[in-house]
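Peer 1: structure, please.
(one chain, ligands or ions: 2)
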Amino acid sequence: MSDACAENGLRSVEAAKQMLIDSINPITETEIIPLSQACGRVLAAPVLSALNLPPCDNSAMDGYALCGESERYTLMGKSLAGHPFAGTLEPGQATRITTGAAVPAGADRVQMQENCTLEGDQLTMSRPAKPGENIRRRGEDVHTGQSLIPVGAKIKVPHIALLAAAGVAEVTVLRKLKAALLSIGDELKPIGTPASELGDGDIYDSNRIALYAALEQLDADILDLGCYPDQPEEIREAFIHARNNADFVITSGGVSVGEADYTKTVLQELGEIDFWKLAIKPGKPFAFGRLPKTNGETLFFGLPGNPVSAIVTLYQLVVPALEKLRGTSEQYRQPPVQLRARLLNGIRKKPGRTDYQRGFTYRDGDGIQVVETRGIQGSHILSGFASANCFVVLPREGGDCETGDWVTVEPFTAPLK
Ligand code: AMP
Ligand code: MG
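Peer 2: Ligands and ions are numbered 1, 2, ... in the order given. As a prediction, this is how the structure comes out:
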């Protein structure tokens, strides 16, 4: 733990992320679902192709299937997609062929129709076709018995296309995670409450809705427990309910110094909990723990209450942890792609915490990747966050940056976009 907590007593983002990932065991329960519903789910059992793809040699073009090399060919019939030519071509013979239609027996090349002239049944062409030209070979994409996608893959649209092409109608995936979500704070009011009914200092419970949207994109089933006042008894009830009904609980608010005390007492009573001070800006306080139950345990992630901090810590720490929990293999759990971009404005920064500033990155007229920070960089400033498309990641030990400096940016990916 010594290298995890550097001189200012804060735990680095990287160390925190690694500790979370290392301490989590993926769920193992699976379910069989229709392929059409599998996008975003994690494959749990191998899928082997029952056939070759393409299933037979077929044409890449609309044109003529030819047997051998010849000055002219005699047209014998046609092979259309779904209606193959029944016979066998001899040298000097041809059939009409459409894209995707089976190459007739005996044919060894396809000439595209733009190069052909047909007079009666005699076919000539402006240039000869080479052997094998425009033929898509049986099995050149996938061969029978081949593994289509690896176990642990997060199923994406290209996977669906491949599996469907191989005729796979159902897949075995890891079950969805069950999330419990709640907010803590006396000042919080659920959205839908008329603004006129907000008391002095009250605010809308925005975190829960934003976190709900993010968790939905991670395919979790969400138990939304609502918002709770800073009352240990009520929070205790909520945590017990969450523990009994979910794989993990996400809370926001109530984990900063002072407030954390009773959350801590409640959580320590129910399980093990650790309050971390992270070298991350925004988002210093963070709680992680486990609440044991008869059939396993429920993980606890306590996010800071400040809205930008809550989402940043979710994105940087909790999402990688949840990806591990839902069985996504390491290869499919790569961190977000980072780019280098040239700063369009200066940034003030004190060394000590990794700063995830909210910025907008794009290619300028000269094709150079540039980035400008958006809005005041406060952990409560949502308008700037909402107009951003990336984090500007400023390293922990770094200080101020000047206009024109090259910095690292992380374009938002799911579940932020
Ligand atoms: P806390 O972490 O409870 O100290 O809260 C830090 C800041 O975040 C305070 O300004 C809270 O009002 C605000 N906050 C806490 N929970 C939420 C929430 N669910 N939605 C929006 N803001 C919140
Ligand atoms: Mg609070």
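
Peer 1: and residue 277, bridged to which residues?
Peer 2: For residue 277, the beta-bridge assignment (DSSP bridges) gives partners residue 285.

Peer 1: you'd agree it is up against residue 284?
Peer 2: Yes: judged on CB atoms under 8 Å, residue 277 makes contact with residue 284 at a distance of 5.7 Å. Placement of C-beta: from N, CA and C, glycine included.

Peer 1: phi and psi next, for residue 80.
Peer 2: Torsion angles at residue 80 (phi, psi; degrees, to the nearest 10) stand at phi -110, psi 160.

Peer 1: common neighbours of residue 277 and residue 284, please.
Peer 2: Here residue 277 and residue 284 share the contacting residues residue 10, scored by CB atoms under 8 Å, 6 or more residues apart in numbering.

Peer 1: out of the two, which sits in the busier spot?
Peer 2: Per other CB atoms under 10 Å, whichever of residue 277 and residue 284 has more neighbours is residue 284, with 21 against 17.

Peer 1: was I right about residue 127 contacting residue 114?
Peer 2: No: under the criterion of CB under 8 Å, residue 127 makes no contact with residue 114, lying 10.4 Å away.

Peer 1: smallest gap between the stretch 251-400 of the chain and ligand 1, at which residue?
Peer 2: residue 305 (2.4 Å; CB to the nearest ligand atom).

Peer 1: up against ligand 1, what does this protein have?
Peer 2: Residues of the chain lying close to ligand 1 (CB under 6 Å from any ligand atom) are 183, 185, 187-188, 203, 205-208, 252-256, 259, 304-307.

Peer 1: out of those residues, who's near ligand 2?
Peer 2: The subset of the residues of the chain next to ligand 1 lying close to ligand 2, counting by CB under 5 Å from the ion, consists of 185, 253, 305.

Peer 1: how about the residues of this structure that lie near ligand 2?
Peer 2: If contact is defined as CB under 5 Å from the ion, the residues of the chain in contact with ligand 2 are 185, 253, 305.

Peer 1: try it again with 6 Å
Peer 2: By the criterion of CB under 6 Å from the ion, the positions of the chain lying close to ligand 2 are 185, 253-254, 259, 305.

Peer 1: and the least confident of those residues?
Peer 2: In terms of pLDDT, the weakest of the residues of the chain next to ligand 2 is residue 259, which scores 71.

Peer 1: run a quick neighbour tally on the nearest residue to it once chain neighbours are set aside.
Peer 2: Nearest-residue entry for residue 259: residue 230, 6.6 Å, with adjacent residues in sequence omitted and distances by CB to CB, 6 or more residues apart in numbering. Using other CB under 10 Å, residue 230 has 16 other residues around it.

Peer 1: surely residue 230 touches residue 258?
Peer 2: No: here residue 230 lies out of contact with residue 258, judged by CB under 8 Å, at a distance of 10.3 Å.

Peer 1: and the gap between residue 153 and residue 162?
Peer 2: Using CB to CB, to the nearest Å, residue 153 is found at 11 Å from residue 162.

Peer 1: the helices in this structure, which residues?
Peer 2: For the chain, the helices defined by DSSP state H occupy 13-22, 157-165, 206-217, 232-245, 260-270, 307-313, 319-325, 382-386.

Peer 1: which other helices and strands contact the shortest one?
Peer 2: Contact analysis of helix 382-386 by 3 or more CB pairs under 8 Å, 6 or more residues apart in numbering; DSSP states H and E lists helix 307-313 as its packing neighbours.

Peer 1: who touches the helix it packs on?
Peer 2: With CB under 8 Å, 6+ apart as the contact definition, helix 307-313 has outside contacts at 206-207, 210-211, 214, 252, 278, 280, 282-284, 286, 303-304, 356, 358, 378-382, 385, 391, 416.

Peer 1: ok, back up a step: tally of neighbours for the residue nearest to the residue of the stretch 251-400 of the chain closest to ligand 1 when sequence neighbours are not counted?
Peer 2: Nearest non-adjacent residue to residue 305, counting by CB to CB, 6+ apart: residue 253, 3.3 Å away. Counted with other CB under 10 Å, residues neighbouring residue 253 total 27.

Peer 1: which phi and psi does residue 253 have?
Peer 2: Backbone phi and psi, for residue 253 under degrees, to the nearest 10, turn out to be phi 90, psi 160.

Peer 1: you'd agree it is up against residue 186?
Peer 2: No: taking contacts as CB under 8 Å, residue 253 lies outside contact range of residue 186: 9.7 Å.

Peer 1: list the buried residues in the least confident helix or strand in the chain by mean pLDDT.
Peer 2: Among the secondary structure pieces of the chain, namely its helices and strands, helix 260-270 has the lowest mean (mean pLDDT, DSSP states H and E), a mean of 84. Within helix 260-270, the residues that count as buried by 16 or more other CB atoms under 10 Å are 260, 262-264, 266-267, 270.

Peer 1: stretch 29-37 too?
Peer 2: Counting neighbours by 16+ other CB under 10 Å, one finds that the buried residues in stretch 29-37 are 30, 35.

Peer 1: residues touching residue 56, list them.
Peer 2: Contacts were defined as CB under 8 Å, 6+ apart; by that measure residue 56 touches 102-103, 138.

Peer 1: mind putting these into JSON lines with neighbour count?
Peer 2: As requested, these are exported to JSON lines (neighbours: other CB atoms under 10 Å):
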{"residue": "102", "neighbour count": "22"}
{"residue": "103", "neighbour count": "27"}
{"residue": "138", "neighbour count": "17"}
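
Peer 1: let me know the closest of those residues to residue 148.
Peer 2: When these are compared for distance to residue 148, the smallest value, 17.0 Å, is given by residue 138; criterion: CB to CB.

Peer 1: and the pLDDT for residue 334?
Peer 2: The predicted local distance difference test score for residue 334 is 86.

Peer 1: mind checking how far it is from residue 155?
Peer 2: Using CB to CB, one obtains 16 Å as the distance from residue 334 to residue 155.

Peer 1: for these two, indicate the residue with more neighbours.
Peer 2: Just comparing residue 334 and residue 155: by other CB under 10 Å the higher neighbour count belongs to residue 155, 20 against 9.

Peer 1: the nearest residue to the more buried one once chain neighbours are set aside and residue 177, how far apart?
Peer 2: Excluding the flanking residues, the one nearest residue 155 by CB to CB, 6+ apart is residue 38, at 4.8 Å. Here the criterion is CB to CB. By it, residue 38 lies 16 Å from residue 177.

Peer 1: swap in residue 323?
Peer 2: Relative to residue 177, residue 323 is positioned 10 Å away (CB to CB).
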